[in-house]
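> When you get a sec, could you give me coordinates for this:
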Amino acid sequence: MSIKNLSVYFGEIEILKKINLDLNKNKITAVIGPSGCGKSTFMKSLNLLVNEEENFNGEGQILLNGKDIMTMDKEEVRENIGMVFQHPTAFPFSIYKNLTYAPIYYGIKDKNKLRKIVEEKLKMAGIYNEVKDNLDMTASKLSGGQQQRLCIARALTVEPEVILLDEPCSSLDLKNIENIEKMLVDISDEYTILIVTHNLAQAERIADYTAFILNGELVEYAETKKLFNDPQDIRTKEYIAGLYG
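Numbering: from 1, shown residues only. Okay, here's the model as predicted:
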């Protein structure tokens with residue numbers, strides 16, 4: 001996935017300023033930066049969600065396998081570029097139906113195939129053993145950490161190429177954070193993952209690459225170890241040191 005000269009405006013206010021970045025296939029990329037710097041706007045641009053906001057205007061290209069997503073149908077974009085929000089949004093019905101909703105929508109009717117998808121994606125999300133005997137239970141009865149992993153599993157059911165996650169661990173305890181981080185590392189062999197996080201330690205633990213955004217500008221983008229250990233821009237160094245943000 002390639003982002004070329006991406007600028008985003010809301011009215012007269014420029015939120016993102018000519019972002020250029022390539023997401024490496026089957027790797028985890030973390031986006032860091034202080035609150036209000038444009039991280040979430042950048043992420044929501046990648047599946048056209050930001051286009052639906054009031055007074056939106058944008059420039060540049062977002063290429064998926066060389067194809068500009070602005071020329072693609074929104075359903076096709078969101079089938080290929082899944083997104084999981086900061087707060088889990090389990091649908092108000094059973095665990096099983098949460099996982100089969102999208103596959104059925106996209107035309108899969110065979111019950112055996114649907115059952116296989118449910119089991120496979122719940123296992124990938126590291127939650128199958130916790131819920132396998134209660135698939136008919138209302139998903140809202142799961143804990144916060146379980147719901148977050150359920151939402152990630154649900155995003156995987158349509159086999160997206162790219163998965164976007166907005167602060168997926170912000171309100172979770174240490175055990176659930178550990179579970180989700182392990183799961184993301186495990187599935188990154190099969191999916192390209194972008195995670196927006198305020199947690200610098202999390203980015204350092206699990207991301208292969210890290211992008212630092214400040215005031216809508218991509219200040220620095222590099223392999224995570226290099227960015228944290230040898231930042232090239234003084235602003236990156238100061239942010240990592242906790243001098244602002």
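
> Just list whatever residues bridge to the spatially most central residue of the chain.
In the chain, the centroid-proximal residue (CA atoms, centre = their mean) is residue 164; its distance is 1.7 Å. Beta-bridge pairing of residue 164 under DSSP bridges involves residue 83, residue 194.

> Pull out the buried positions in stretch 17-24.
17, 19, 21, 23 (16 or more other CB atoms under 10 Å). For every residue, glycine as well, the C-beta is placed using N, CA and C.

> now the helices for this structure?
Secondary structure of the chain (DSSP state H): helices at 39-45, 74-80, 95-105, 111-124, 128-131, 144-156, 174-187, 200-206, 224-229, 234-240.

> For residue 9, which of these is the nearest?
helix 39-45 (10.2 Å; CB to CB).

> In JSON lines, list the helices of the chain along with distance to residue 60, mean pLDDT and mean neighbour count.
What follows is the helices of the chain, written out as JSON lines (distance: least, CB to CB, whole Å; pLDDT from 0 to 100; neighbours: other CB atoms under 10 Å):
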{"stretch": "helix 39-45", "distance to residue 60": "9", "mean pLDDT": "94", "mean neighbour count": "22"}
{"stretch": "helix 74-80", "distance to residue 60": "16", "mean pLDDT": "90", "mean neighbour count": "16"}
{"stretch": "helix 95-105", "distance to residue 60": "29", "mean pLDDT": "95", "mean neighbour count": "19"}
{"stretch": "helix 111-124", "distance to residue 60": "33", "mean pLDDT": "96", "mean neighbour count": "16"}
{"stretch": "helix 128-131", "distance to residue 60": "40", "mean pLDDT": "95", "mean neighbour count": "16"}
{"stretch": "helix 144-156", "distance to residue 60": "25", "mean pLDDT": "92", "mean neighbour count": "24"}
{"stretch": "helix 174-187", "distance to residue 60": "28", "mean pLDDT": "90", "mean neighbour count": "16"}
{"stretch": "helix 200-206", "distance to residue 60": "25", "mean pLDDT": "95", "mean neighbour count": "17"}
{"stretch": "helix 224-229", "distance to residue 60": "23", "mean pLDDT": "98", "mean neighbour count": "17"}
{"stretch": "helix 234-240", "distance to residue 60": "22", "mean pLDDT": "96", "mean neighbour count": "17"}
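
> from the buried residues of stretch 17-24, which is closest to residue 84?
residue 23 (16.1 Å).

> For residue 159, see how far away the closest one is.
17 Å (CB to CB, to the nearest Å).

> ok, now residue 165?
17 Å.

> quick one: which of the two has more around it?
The neighbour count for residue 165 versus residue 159, taken as other CB atoms under 10 Å, is higher for residue 165 (25 against 14).

> sorry, back to before: out of the buried residues of stretch 17-24, which are inside strands?
17, 19, 21 (DSSP state E).

> so can I have JSON lines of those residues showing distance to residue 96?
Output for those, formatted as JSON lines (distance: CB to CB, whole Å):
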{"residue": "17", "distance to residue 96": "45"}
{"residue": "19", "distance to residue 96": "39"}
{"residue": "21", "distance to residue 96": "38"}
